[in-house]
Each structure stands twice: as C-alpha cells, then as structure tokens.
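1. Sequence unavailable; structure follows:
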C-alpha cells in the first residue's frame, strides 16, 4: 500500500485506522483528531499510541505521583528533579550523583534472559543520558514460590540475563533483593537500579534547542525488535504480505552498550552536545518528541536516513522499534565533525537524521514526503490523565483483623531453636550468594560494600574517599496489610540500611509495582502507597528524584501484593569509615538499638512457620528512624561501632545470624529481663539495628545514645563459634551456615 | 627512571582502569595502549586486562588477537617483553599462541564471582617474583569461561617444566584441568592468569592486597635488569 502521508490523511478523512487495536480509547482517538484537525497518519497514530500508553504517559498514576513534587522536602542536595531521565543529587566536592530504579517485569516473564538483560541496559542509558558515568547497578527481584517449577525457568534466566548484560558492560552489581512469594508466580518483578557519577558542570538534559542544530542518532542499527503493539498496525494495515520479523521482547547487546557508554562520555568531555536522550520504550517516537517538546523550537527528521538492520522496515515500525543501545544527541553544526570522529573511534555508527527548527512542530519525512506533522508536547507531555476510581477493598478489614498474634508460638526452647533454623533456612531468609555470585561486584575497583551488606557502597573519589551508598527495599506482605504503612516501611528500611553502613541518606527513587489500575482496590492500594511514601519522604527530608510505575502486574483477576520498591541514596565523606555488617572481633559488645514491641503481622516468622498473612504491619515512627540513622552515622564517623546491621524481615535473630556468619564469629546473647524470648527474636518492629561496640568505646557510645534519647540495650557479646541465646539454645555456626547457604543452590542449581 | 607498564584497551575491555590503578599503586607508570595503535610507546611491560573484548561473541579473545596492537605485543613477547594477561587477557594470549591450551565455559555453566584462594606455584616468572613458591593468596575470580584445558601431554609438560604459575585451592571454580589458575611460557615473561590480582590491591575495595605482588614483581625485575 502507498505511503500514508500528511497530505493523504487530510484528503482521506474517512479512512479507518486501527486505533483500538493499538490500545487507544475512543475519546483518546477523538482527541488526536482534534489536536491535528484531521485524521492522523499511520505514523502519527503509532507515535501517539505508544506515547499515550500507560507505560509512557503515566495516565492512571500521575494524579497520585504529583504528591512527590508537592510534598517534596526542601533539599539543598537536589540538582535535577522528577521529569528528566533520572534525578541528580549533589554529594559535595563538586560531584553529583544520579540514580534511578525502573521495572522490566512483563518482558522478563515472557523471555527471562533478554527481558532482564535489557532492563539493565535501559536504566544504564537513562543514567548515561544525564551526563554521568554509570558506576553500579543493583536488582530488586521478586519471583513465585521458590520450589515452584516455573521459578526454575524464570529465575535462572533472569539472573543469567542480569549477569550476562551487567558483567559484559563492566558495572559492578552491588545489591538488590531476591524475594519469593506465590503472588508473583505468574508475574515476577524484575526491577533494575543504576547509579552514575559526574561533576556538576557535566549535567545534561533531554532538550532540543537552537535552530539549525543537528539531530544525531548513534549506537545500534534499528531493527524490528520490541515493536509490540505496533505489529498490529504493521501487519493489518500497512504490509500484510511482509515477513513476520519481530520478537516481542527486545534483544540486548551489552558490548554495543559498553561502546556507547565510552563514546558518549568522550563526547560529553569535549562538550559537544546541547541535549541528549536515550532510546528506550517507544524508541524514536519518544526520543524525538521528548527532545522537541522540552526544547525551544521544533524538529525536522528525515526518517529514511536511520540506519537499519532490516531494510524492509516501514516508517511506522522504525518510529516504534525499541531496538536497544541507541542514543539521540543534539549537536551544534560546527561540532558535528568531531562528534562523528569520536563515534568512529569507538566503532559506533552515527547518523545526522535531522535538525532543530525555529518552528513549533515535529515534522518527520520519508524520502521527501511528510508523514508526521504534530505539536511535540501533545505527544510527549500532554497525554491523557485519568482519575481512576479507587476504593478500599471490602476484604481489607478482615485481613487486618486476622491478627498474627494469635498464631501458636514455640512451646519450649527446643521448638524455638527449631523455628530459628526453619527461618534462616527459608527461601526469603536464606543466603542468596548463589544468585549474587553470578554478578561481578569488583569491576571498576571502587566497590567498598556489596551484597549481602545493608547497602552497596561505591567510592566516588580516590583522593578524598568520598562515596555513595544505595539500598533498595520493599515488602509486599506489609503493603498488602496496609499500603500506606507498607510504603513507609519500605522507605524506612532502605533509609536505615544506608545509615547502617555509615552514609547519610539524601534522596529516593521508587519503582511502584502494582496490579491493574482498572481495579478500584488496586488503585486504592496505589493511592495509599503514594500518599504514604510522599508523607514519609517529607518527614525524613529525602525527596523522590524519579522512578517508575509498573501497573497491570497480575494474573487474571489476581493482582500481586502491592509492591513499592524504594531505593535510597546516601553520601559518606570517607568510605574508609564505612560500617560493615560482619561481627569482626571477639569480645566486642552487641547492642540492640530501638524498641522491640510484639509485632508479628506480615512477619517472616508468620510466613515460614504458619504460611499466614494477616494483622497489621509493624508501626512506623519516622522521627525514631531519623534519630537511629543519626546515631549510626555518628558511631561510624567517630569509630564507636565496628559492625552494624539493620533489623527487618526475620527480626533480631535473622540479623544476628547474618552478622555472625559474615564474620565467622559467634555471639552469646542474653534475653533482657521481662522480655519474651520469642518476641525478642522474631518480632519485626521497625526503627532497630544491632551494632557491635569495642569495649573501649562502650561508655562513649552509650552516653551518646542516652543523651540523644535512643534506647540502647546491651544484649550480648561477640564470642565463640555458635549463636547462643542463654537459657534457650545454642546453634553452632557450621549448622547455621549449612542451613542458611544450602537451600537456594539445592532449589535452583 | 619510572617503569612504564602498558595496559591495552580493546573495545569491550572492562578492567583496564583497574589494571592501570594496580600498576600505579605498585609504583610504576601506567600507559594506556589503544587496540588500533601498533605503537607500544616504549613500555617495559604490558597488561592485557579483563573484560569481553569485541563482545567475545565469536570465541573469547579470538578477535582481539587480530588487533594491530597485538601484532606488536606478540612480536615483543617473543623478544622477552613481559606480558600479563588477566582473564580475558589470558584468553587472548592463548588465542595468540603465546600460551598453550584454551579457556572454556565453566563446567557448572554459570558466571562466577568469588574470593578465590590460590597457591603461587612458580615464583620465578616476570610477574610472580614478589611471592614465595608455595605461597597462598586470596584474590577475586570472576569469569564465565575460565576452565583451562589442554591435551594431557601439554599439561604434563607444563607441570614438568614448572610452568603452572598458580593453582586453585579449596574449590575449583570452573573445572580447570589440574586446578590450573595460571600458566607461563617457557621463558617466563608471558603469564596468563584467570583470577584478577588487580582487584586485590587495596584493603578497602578488595578482599586482600595479595594481588599487588604481580605488579611489584615486574617492577623488581625491570629495576634489577641492567
């Protein structure tokens, strides 16, 4: 069929286009016609359909997300906020850090290896596009039941994909999470976070300004991969006789991405670009419309100049392709020559595909004929907004009334010991080394802490020791019981984890994984989680800098647990002062910081021992979290503590086991008077950590806690080669290690 | 005069910056060498760093071998130029036939990153003279294709001539024959090593500083050479 040009579209208003198949609603299609004053061309329809998709437009979520801006605490550290490819935070000494977490859930279920691999690739390009050198990645992952046969298909593929891409890209993988729960069986969550470092003056933005400046597409050739929804358009309307040429999931080439990184950083160094944007979801449609929309003028693109992997691609397909490892730069005409030289040095293909105009339209041509003529803002930034109905589900009360406190508890010390072993050997509490050992944590030579430490820590400056720490956390079980509190607990835990390693928390990036927004119950969970997170960020003084929303995570009518995953970034002046989690020296004193209440709702114990989810999650006290963080940071800076470990799922006993095993040293623990040993060990009260204190520092440390009003209870001493809870049980480290480390390989290797 | 150690960057090299840092911490001057440039810039030794040169899409190290810089390095090595190949660099040395044998996919089929205990078997090479023969060290290991293989006769020869430079202890992480972690050529100037000593040069970022010896060895040798 002939090319659907703008002229042709104006002359044939009656032509029916497959807007419904592309996921547009009748009123959305009507609005496009209104904006253009005619029917859209096939190419225009394709662009609007992907850019107005939930994924790109946040049409269901943005009315709730705006709280992150409205309630944002005033922070001197914030250099670039929500809306750009990633937020940027000042970490001092002239350095800025950018970080962001994003989801790649659905592709990873269909094709675990490539889905997870391109998830890493995409987030790394977001970081690069800000002007930063990517320095680390981490992956918060959630899978179905650990012993389910399909988990054996999905998990090894996802892990190999993350490793295959990240390892080949040369980025250390320093943390993340692996959580198993049957609610993720048909819908695993594969989130990816990347961190980048730059100098303040290197910050770049995605905008096309300066009429006459050139638009350069560089990186991989464009192929037929990842076209997705547009395949309907292509096959039914434009070329029904052509070959089927598109896998549903994009295919990654980490080698190409490595070249793209080095090439882009060299281009930045010589100050050759005015604006830059990576190509991810929605490909060229997104990059051209966003660049033009954010800039001062219009843009003209000659689409037939785009280098192709498959010469039979139609213009619509080229606009929609999500081929990986591509970037789009705006370059002044006299710098184009040097730009192309650098690309040639790195064997990166670069092509001038258009230029910035002084108009206000995005115009795209195909062999001289115009196929797109749109106001770019209407594509990129003025998509539809939905106020979806939401309602607290009627089952919420019953769920919260089903209190975990009534579950049978261990009858005696023998049963207590047995349940401790069951807990530390359960899928969620067991060592994930089999997984994380498939990731390179050493490359670049700046990794100070990596998993299983509370947060990953990267040295930024070799001379001064300046560093950053990042932790990601989320607990879908807590959020299911109470999404408002669950989101706050996710933030509190990540915040605490960063502080436990000695870094000061500065900023937040979040990945909000939820079910279908068309379900009012899910929408209520989403609204509550956003409200909870925004409120907590305000109190803790850590603004949300960006992130991602992933909706429609469900199988049939059943949604996943609401799973807000929160990443917190912190700064540490000298990484030599960091606090690791391992007990390092016999004789040091173990202190429990914070208050332990009887809080078992959503706990690991209730899941492992009773397969139960009910009651209320632990209460949140943000002021306490802030105080605890201050103590942990001061203790680290002033050399008062040699180890620190946050208490979260699994409670005190899980933290003790991890600190003992990491250091290869035992501990002798005394249950404080008037305390129930079971609650002491298994409760998941928030705002707590354990620390080990050298005897010489004890007085100074307890004085500090006393003066600041933080409860600090001496609960024992680092000693021997067993974890002994006096009067209750003693478990040799060898037995703990076997239980803790054997499970995951036995299920997955 | 400062000792100059070249570190090659191929497209896809990843640990080149780390190798340069290790060279610097050992007290030598790191000199970046570019894969397309035949000129070795009068360096006194060369490190081929870890990574995935040219994506390793054909076979690890198979394309890097044909790069212009390798032409000069192969010629230099035959004249006695000290060359250390780490991980991907080891693979390049085998593909270049400067060292015998080959590196194959790990026997368990997974990439593995761990702190690995090694025994330095030969402390007489250009890159191991800072160690004692038999000394045990711990350095990071990270590879997907690190299983060293060669025919039995070659393996016997390597053993008989003392050309096994380092051996895995406690756990063989990749199925290498005879637990071989590194080997040298007959002259002792070319060493290939699967583990990464450049990641064990600072207490803060490595499990130990045991790896520094590889880089101080070369310094010692060059300083002592008249």
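-> That came through fine. The structure displayed is predicted, hence computed values, not measured ones.

2. Okay, strands next: where are they in chain B?
-> Here chain B has its strands, by DSSP state E, at B:4-9, B:29-34, B:45-48, B:83-86, B:102-104, B:112-120, B:136-143, B:147-149, B:164-168, B:180-184, B:190-193.

3. Would you give the sheet partners of the third one, along with the direction of each?
-> Partner strands for strand B:45-48, per DSSP bridges, with pairing direction: strand B:4-9 (parallel), strand B:83-86 (parallel).

4. so can I have a markdown table of the ones you listed showing mean neighbour count and distance to residue A:708?
-> C-beta here means a position set from N, CA and C on the backbone, and glycine is covered the same way. Below are the strands paired with strand B:45-48 laid out as a markdown table (neighbours: other CB atoms under 10 Å in any protein chain shown; distance: least, CB to CB, whole Å):
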| stretch | mean neighbour count | distance to residue A:708 |
| --- | --- | --- |
| strand B:4-9 | 24 | 49 |
| strand B:83-86 | 30 | 49 |
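
5. now these in a markdown table, with distance to residue A:302 and mean pLDDT?
-> Listed next are the strands paired with strand B:45-48 as a markdown table, based on distance: least, CB to CB, whole Å; pLDDT from 0 to 100:
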| stretch | distance to residue A:302 | mean pLDDT |
| --- | --- | --- |
| strand B:4-9 | 35 | 97 |
| strand B:83-86 | 46 | 98 |
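
6. how about those in JSON lines, adding distance to residue B:139?
-> Below are the strands paired with strand B:45-48 laid out as JSON lines (distance: least, CB to CB, whole Å):
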{"stretch": "strand B:4-9", "distance to residue B:139": "18"}
{"stretch": "strand B:83-86", "distance to residue B:139": "10"}
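
7. Tell me which of those sits nearest to residue A:722.
-> With CB to CB, the closest approach to residue A:722 among these belongs to strand B:83-86: 40.2 Å.

8. from the chain's centre, how far out does that closest one sit?
-> 3 Å (CA atoms, centre = their mean, to the nearest Å).

9. With stretch A:345-355 instead?
-> Distance of stretch A:345-355 from the chain centroid (CA atoms, centre = their mean) equals 30 Å.

10. Show me which positions of that stretch end up buried.
-> For stretch A:345-355, the neighbour count (16 or more other CB atoms under 10 Å in any protein chain shown) marks A:346, A:348, A:350, A:351, A:352, A:353, A:354, A:355 as buried.

11. now check that stretch, is it near chain B?
-> Yes. Using CB under 8 Å from any CB of the partner chain, stretch A:345-355 reaches chain B at A:346, A:347.

12. If you rank every helix and strand of the chain by mean pLDDT, what lands last?
-> No chain was given, so I picked chain A. Among the helices and strands of chain A, helix A:230-233 carries the lowest confidence by mean pLDDT, DSSP states H and E, at a mean of 43.

13. following it, which helix or strand shows up next?
-> Downstream of helix A:230-233, the first helix or strand assigned by DSSP states H and E is helix A:254-269.

14. List the buried residues in that next one.
-> For helix A:254-269, by 16+ other CB under 10 Å, it's A:254-268.

15. show me where pLDDT drops low in the chain?
-> Since no chain was named, I'll use chain A. Applying pLDDT under 70 to chain A flags the ranges A:1, A:228-249.

16. if you could check chain B rather than the one you did, that'd help
-> Low-confidence segments of chain B (pLDDT under 70): B:1, B:222-226.

17. List, one by one, the residues from the stretch 451-600 of chain A near chain B.
-> Counting by CB under 8 Å from any CB, the stretch 451-600 of chain A comes close to chain B at A:459, A:462, A:575, A:576.

18. what two of those are the furthest from one another?
-> A:462 and A:576 (11.5 Å).

19. Count the neighbours of residue A:94 for me.
-> Look at residue A:94: counted by other CB atoms under 10 Å in any protein chain shown, it has 12 neighbours.

20. Does it touch residue A:200 like I think?
-> Yes. Between residue A:94 and residue A:200 a contact is recorded at 5.9 Å, counting by CB atoms under 8 Å.

21. tell me which parts of chain A are close to chain B?
-> A:160, A:163-164, A:167-170, A:253-256, A:258-259, A:346-347, A:437-448, A:459, A:462, A:575-576, A:749.
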